[in-house]
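Peer 1: Need coordinates for the below:
(chains A and B)
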Amino acid sequence: MTLATRRSITAYSFLAIPLVFFICVRFGPMLYMMAMSFTNWGLMRKVTTFIGLENYKTVLSDPVFLQALGNTLRYAILGAPIVIVVSLCIALLLDTIHKGKGIFRLIYVLPYITPVVAVSWVWRWMYQPPPLGVINAILVAVGIPAGEFLNSTTQALPSILGVNVWVELGYCSTIFLAGLQTIPKELNEAARIDGAKGRQVLFKVTIPLLAPITFFLVVMEGIQFLRIFTQVYNMSMQAMGGPLNSTKSAALYIYQKAFTNFEMAQAGSASIILFAIIMAVTLFQMKFLDRKVNY
Amino acid sequence: MKKRIFPRRNAGIAAAYFILIVFAIVMIFPFIWMLMSSFKDATQIFKMKLFPTSPTLDNYKYIFFSESSKFPQWFLNSAIVAICTTVSVLFFDSLLGYTLSKFRFPGKKAIFLLIISTLMIPTEMLVIPWYSMIRAMKWVNTYWAIMFPGMISAFGVYLMRQFMSTIPDDLIDAARVDGQGELRIFLTVVLPLVSPALATLAIFNFIGNWNSFLWPLIAASKPRMFTLPVGLANFSGEAGSDWHYIMTGATVAMLPLVIIFLIFQKQIVKGIAMTGLKG
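Peer 2: Purely as a prediction, here's the structure:
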């Protein structure tokens, strides 16, 4: 046996268990779910039969699913840009100061590493109507009428979205700040010597140089918001995505279909639709934003 | 000229500090409000005062020592799940990273791409077949059921492969000339060299598993098998208006992470920055 073959055998023996894992726990279940989405698989049904595209028709004609999809897109379309813009501003501000950078960054990252379930309940309590909720207490104290927040069909979604923005800000601003620190200071100075004003330097030099990072974060945050689940589960009454399904996300719909109604195949079809949307949005972003990256 | 620039610049920096402080308050206030509330009793909790007028530890006594409270069990469950998955991820991910970076064999690139592409598969889709799997295997309400999907992390493989490529080949070859076995070389020569990377991976994996919610929610149906986030969600849903208990539970769920965060803040911030720059 040559040395090369012996090395290859060692490599394959190191890879054996992990490969079995990835096939049995990732690819296998994915293919299984895709196949089973064409059947009437449900835990309450004894016999599973092939029913073609019936589940997709059922799910896509379910007004609750369509509403959940709409909500999910709203979370992503509103949430991701807000996170990106605000965290970029924070990073730019952090980059201008010299003292206390570390402590600010620490405070901003804290929500990102704490359990989402715990912070969701803290916010849920702060959002309570007067006289219980502290946010309303502050609003009333400064003369603004109290908000309904989680109890209103129009305010609940933005309220939950706000919490997710609050969670993600530290992550994005840390990455932006790291990116800003890799930009050589000479570039900014050169632009200034050429007569560029502060704003011009920002928009013509700094932000274009951050494009690859911005692109990465837009994709990551887009996916993050499209998959929102834990916040909605913990901040709506009885984890139902209410009031009146106004906050229900696609992920929560899938969870309920599978684990309260036990309609596994329908839930699976819904999850495949969500997967397709995530892929489409990601590919669209890649194609659309790619031009700006190659500045 | 100079005289004009400096005051203006100072004003700009003062404005920057002002905005940053406002943001810092928004970021940290919920934590302070939660922590302070955990020292208030059922009547003080509804008064809009930040500090408790007569601080009490009764909530903590209830959470940790009362007969009906399952928080100690949930805490233990979370610790077991997070520690076991982290140890497994450290071993397998570094082994994979090492193999995919330092060995030459047919199909290497394909295997790497295969592993990385699993990052695209959303958990929402996988939990359904996983659930039927743990039912078929009779794993429901076991630690193994909660842990098995996280025993190897594809992201960690990517991370470790990057780090492994920085190890000089000569070191490994020298160990081979000495006649050491391949697994032994990996454990005694390679692993110590990548210990900073292992630390980063361990911290992030522990945090991720401690916080994970969707799968533990599905895999455990008996309260004694809940992890802390699942237990907290369940407890809070039933606690109604006992917000002093809910806030204490939330504080308890966060505590280990805040401690880890304060100890490893540099690695955590660096780790986050790295995922962005290398992505």
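Peer 1: which stretches of chain B have low pLDDT?
Peer 2: B:1-9, B:276-279 (pLDDT under 70).
Peer 1: let's go with 50 and repeat that
Peer 2: Per-residue confidence of chain B (counting by pLDDT under 50) places the weak regions at B:1-3, B:278-279.
Peer 1: Let's check: the centremost residue of it is which one?
Peer 2: Closest residue to the average C-alpha location of chain B: residue B:207 at 1.1 Å, with CA atoms, centre = their mean.
Peer 1: Just the element for that residue, please.
Peer 2: Following DSSP states H and E, the helix or strand that holds residue B:207 is helix B:195-211.
Peer 1: Summarise which helices and strands that helix is packed against.
Peer 2: Judged by 3 or more CB pairs under 8 Å, 6 or more residues apart in numbering or on different chains; DSSP states H and E, helix B:195-211 is in contact with helix B:71-102, helix B:154-164, helix B:228-239, helix B:243-263, helix B:265-278. The way it works is simple: take the backbone N, C-alpha and C, and place the C-beta from them, glycine included.
Peer 1: right, and these - which one's nearest residue A:248?
Peer 2: Distances from residue A:248 to each of those were compared by CB to CB, and the smallest falls on helix B:228-239, at 16.6 Å.
Peer 1: helices or strands up against the closest one?
Peer 2: Using 3+ CB pairs under 8 Å, 6+ apart as the contact test, the elements touching helix B:228-239 are helix A:116-126, helix A:230-235, helix B:71-102, helix B:195-211, helix B:214-219, helix B:243-263.
Peer 1: Next up, identify which helix or strand the spatially closest residue to residue B:51 that is not a sequence neighbour is on.
Peer 2: Across the structure, with CB to CB, 6 or more residues apart in numbering or on different chains as the measure, the residue nearest residue B:51 apart from its sequence neighbours is residue B:36 (6.1 Å). Per DSSP H and E, residue B:36 falls inside helix B:2-37.
Peer 1: between the helix or strand that that helix is followed by and helix B:2-37, how many degrees?
Peer 2: The helix or strand immediately downstream of helix B:2-37 is helix B:58-65, counting by DSSP H and E. Angular relation of helix B:58-65 and helix B:2-37 on a 0 to 180 degree scale: 60 degrees, by axes from the mean of the first three to the mean of the last three CA atoms, to 10 degrees.
Peer 1: So what touches helix B:58-65?
Peer 2: Helix B:58-65 is contacted by residues B:38-41, B:69, B:71-72, B:244-245, B:247-249, B:252 when judged by CB atoms under 8 Å, 6 or more residues apart in numbering or on different chains.
Peer 1: Which secondary structure state is assigned to residue A:154?
Peer 2: Three-state secondary structure (criterion: DSSP: H, G, I helix; E, B strand; the rest coil) places residue A:154 in coil.
Peer 1: cool, residue A:246 as well?
Peer 2: Of the three states, residue A:246 takes coil under three-state DSSP.
Peer 1: for the host helix or strand of residue A:165, packing partners?
Peer 2: For residue A:165, the enclosing helix or strand under DSSP H and E is helix A:156-182. Counting by 3+ CB pairs under 8 Å, 6+ apart, the packing neighbours recorded for helix A:156-182 are helix A:63-96, helix A:101-113, helix A:116-126, helix A:211-226, helix A:230-235, helix B:2-37, helix B:265-278.
Peer 1: Now do the third one: which elements does it pack against?
Peer 2: It stands for helix A:116-126. For helix A:116-126, where contacts count as 3+ CB pairs under 8 Å, 6+ apart, the packed elements are helix A:134-141, helix A:156-182, helix A:230-235, helix B:2-37, helix B:228-239, helix B:243-263.
Peer 1: what's the neighbour count on residue 170?
Peer 2: Chain wasn't specified; assuming chain A. With neighbours defined by other CB atoms under 10 Å in any protein chain shown, the count for residue A:170 comes to 23.
Peer 1: Can you look at chain B instead?
Peer 2: The tally of other residues near residue B:170 (other CB under 10 Å) stands at 8.
Peer 1: Please tell me how far residue B:163 sits from residue B:105.
Peer 2: Counting by CB to CB, to the nearest Å, the gap from residue B:163 to residue B:105 is 20 Å.
Peer 1: Likewise for residue A:73?
Peer 2: When residue A:73 is compared with residue B:105 (using CB to CB), they lie 44 Å apart.
Peer 1: so where's the stretch 151-295 of chain A shaky on pLDDT?
Peer 2: A:293-295.
Peer 1: and the residue lying closest to residue B:47 once chain neighbours are set aside, backbone torsions?
Peer 2: Among residues not flanking residue B:47 along the chain, residue B:53 sits closest, at 7.6 Å (CB to CB, 6+ apart). Here is the backbone geometry of residue B:53 (degrees, to the nearest 10): phi -70, psi -40.
Peer 1: pretty sure residue B:53 is in contact with residue B:45, am I right?
Peer 2: No: with contact defined as CB atoms under 8 Å, residue B:53 does not count as touching residue B:45 (11.2 Å).
Peer 1: Same drill for those two, tell me which one is more crowded.
Peer 2: Between residue B:53 and residue B:45, residue B:45 has the larger neighbour count (other CB under 10 Å), namely 22 against 10.
Peer 1: Please work out how many residues are found near the closest residue to the more buried one other than its chain neighbours.
Peer 2: Beyond its immediate neighbours in the sequence, the residue positioned closest to residue B:45 (CB to CB, 6+ apart) is residue B:244, lying 4.5 Å away. Neighbour count of residue B:244, defined by other CB under 10 Å: 24.
Peer 1: residues in contact with residue B:244?
Peer 2: B:37, B:38, B:40, B:41, B:42, B:45, B:59.
Peer 1: Now for the first one, how many residues are close by?
Peer 2: By the other CB under 10 Å criterion, the neighbourhood of residue B:37 contains 24 residues.
Peer 1: cool, and the last one?
Peer 2: Applying other CB under 10 Å, we find 24 residues neighbouring residue B:59.
Peer 1: Same question for the one 5 residues further on.
Peer 2: Burial of residue B:64 is recorded as 14 neighbouring residues (other CB under 10 Å).
Peer 1: Could you do residue A:36 as well?
Peer 2: Other residues within reach of residue A:36, judged by other CB under 10 Å, total 20.
Peer 1: Show me which residues of stretch A:74-86 are buried.
Peer 2: Neighbour-count burial for stretch A:74-86 flags A:74, A:75, A:76, A:78, A:79, A:80, A:82, A:83, A:84, A:86 (criterion: 16 or more other CB atoms under 10 Å in any protein chain shown).
Peer 1: what about dumping the CA coordinates of that stretch to CSV?
Peer 2: Included here for stretch A:74-86 are C-alpha records, laid out as CSV according to Å, rounded to 0.1, in the frame of the first residue of the first chain:
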residue,chain,number,x,y,z
ARG,A,74,-43.1,42.2,6.6
TYR,A,75,-40.8,41.2,9.4
ALA,A,76,-38.0,40.8,6.9
ILE,A,77,-38.6,43.8,4.6
LEU,A,78,-38.9,46.2,7.6
GLY,A,79,-36.6,44.5,10.1
ALA,A,80,-33.5,43.7,8.1
PRO,A,81,-33.0,47.3,6.6
ILE,A,82,-33.7,48.9,10.0
VAL,A,83,-31.1,46.7,11.7
ILE,A,84,-28.5,47.3,8.9
VAL,A,85,-28.9,51.1,8.9
VAL,A,86,-29.1,51.6,12.6
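Peer 1: tell me the domain ranges of chain B?
Peer 2: Residue ranges for the domains of chain B, per automatic domain parsing: B:2-60, B:70-239.
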